[in-house]
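A.B. asks: attaching a predicted model along with its sequence, questions to come.
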Amino acid sequence: MDQENNLFLSSRRKFIGTTLSALAGISIVPRRVLGGNGYLSPSDQIAIGYIGTGKQGRGTLFRKFIEIPEIQITAACDVDTQKLSDFQQQVSSYYSENKNQNNQIDGYGDLRELLERKDIDAVIIATPDHWHAIASIFACEAGKDVYCEKPLALTVKEGRDMVKAARKNQRVFQTGSMQRSRDDFHRAAELVINGYIGDIEKIVVSVGGPPDACDQPAEPKPEHLDWNMWQGPAPQREYSSFFAPPMSWDGWPRWRYCKHYGGGLMTDWGAHMFDIAQWAMGMDGSGPVEVIPPDGKDYQVLTYLYADGTPMVREDFGKGNAVRFEGSEGIIEVSRQFLNVPENLKNQAIGENEIHLYKSRDHYRDWLDAIRQRSKPLCDVEVGHRTATVCNIGNIAYELNRPLRWNPKKEKFKGDREANKMLSREQREFWSYS
């Protein structure tokens, strides 16, 4: 293992050194730029690389991006050769049928090889959560713009490091919290933030709970999977199809329920629903100041408190994954299936001088537009980080089973050394990015 570590560290230094040398003295923008304004030609295409070709990469993200004429999917990377090959075939077939071109995209088993490609402008990251930070930071260092699936980060420190990497390298970074680009969620958030249901007395977020231990029994490892690479920075353990299922598995991979790879449904669906609560509260750059786990007495459910005293709780109110805003003058409920607003607000327009939240008609094109304009997209990396932080500190409160005071400016717990240690995680040296 020492030899493997040394080979990686040497390759890592060479990768960063080569990248920084190539970028020294210039503004980091996509390769096809008109003049010095940082804009892409409207007729030009953005070359895209996919990192992660599992269910989300081969499914939703494939469908959403492949039909956009302004992009060209050029390469893909995955540690599972079967999934990678299937993705390559999907892309090639689409281009052959719809663009009359035979586009054999390149495939890689190591993301560093894909990122070394100077002809790739941006990457879409659809790996398990424990890979998000490394893949995103490496991509930013390589001068690529980034679309990274939610939840943004497995830990608070990783999320902040992703923000720093994007800012340092002037990257356009969109988090895949696509509910913000849906009309019902935008409408609910604008009504709330403009006070149309009065003072917010309580926010109820209905999502699943925290992750479990990674105690699945070992199974024989399939030949098409590089299991060591799949684990990446996470602690080593024997292979289990529970975490990395074959292509024949039609459900969502269950790595998200293991604390080494994901944050349970608290982060999986929480990254969607807590995100809408943060947006409607105007907290995209901040967060709560206290998080209290259920104690069976005063607090029956996980409770967050904001600086103005507003409580936000994780509680099932019987309508699936959803958010309910309880105001002094009415209630608004929103999910992917419904938007319930008071009768008097159904046709209420937001006034010209009121707060108008960023409006995106398409979450995926919004990122591409931001790449052309060198602007922040709807769900910029800072926004994704703040939402993931809400989810992650909730998981820490559950695990420690005691109230925690949070400083959203310093991103530290107040007077709790044990809790602060849980804001980061130990990484296998082979895949440490710091």
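C.D. replies: Thanks, I have it. Numbers count the residues shown, from 1 in each chain.
A.B. asks: what about stretch 356-368, start to end distance?
C.D. replies: This stretch, stretch 356-368, spans 22 Å end to end (CA to CA, to the nearest Å).
A.B. asks: which other residues reach that stretch?
C.D. replies: With contact meaning CB atoms under 8 Å, 6 or more residues apart in numbering, stretch 356-368 is reached by 46, 64-65, 68, 70-71, 145, 147, 172, 174, 176, 178, 180-181, 186, 189-190, 193, 279, 350, 377-379. To be clear about C-beta, it is placed using only N, CA and C from the backbone, and glycine gets the same treatment.
A.B. asks: could you pick out the buried ones from those residues?
C.D. replies: 46, 64-65, 68, 70-71, 145, 147, 172, 174, 176, 178, 180-181, 186, 189-190, 193, 279, 377-379 (16 or more other CB atoms under 10 Å).
A.B. asks: looking at these, which are in strands?
C.D. replies: Within the buried ones among the contacts of stretch 356-368, residues falling in strands by DSSP state E are I46, I71, D145, Y147, Q174.
A.B. asks: and the strand or helix carrying T267, what does it pack onto?
C.D. replies: According to DSSP states H and E, T267 maps onto helix 264-268. Other helices and strands packing on helix 264-268, by 3 or more CB pairs under 8 Å, 6 or more residues apart in numbering; DSSP states H and E, are helix 381-400.
A.B. asks: show me how far the helix it packs on is from its chain's centre.
C.D. replies: Between the centre of helix 381-400 and the centre of its host chain there is 12 Å, according to CA atoms, centre = their mean, to the nearest Å.
A.B. asks: same question for the helix or strand following that helix, mean pLDDT?
C.D. replies: Next along the chain after helix 381-400, taking DSSP H and E as the criterion, comes strand 404-407. Strand 404-407 comes out with an average pLDDT of 98.
A.B. asks: buried residues, strand 404-407. List them.
C.D. replies: L404, R405, W406.
A.B. asks: closest to A322 among those residues?
C.D. replies: Comparing the buried residues of strand 404-407 against A322 with CB to CB places W406 closest, at 24.6 Å.
A.B. asks: residue contacts, the most centrally placed residue in the chain?
C.D. replies: The centroid of the chain falls nearest to K150 when counting by CA atoms, centre = their mean (2.5 Å). Residues in contact with K150 (CB under 8 Å, 6+ apart) are T175, G176, S177, A271, H272, D275, G384, T387, A388.
A.B. asks: quick check on the residue sitting furthest away from the middle of the chain: phi, psi?
C.D. replies: Among the C-alpha atoms of the chain, the one most distant from their mean position (CA atoms, centre = their mean) is that of N344, at 35.9 Å. Main-chain torsions, N344, degrees, to the nearest 10: phi -70, psi -10.
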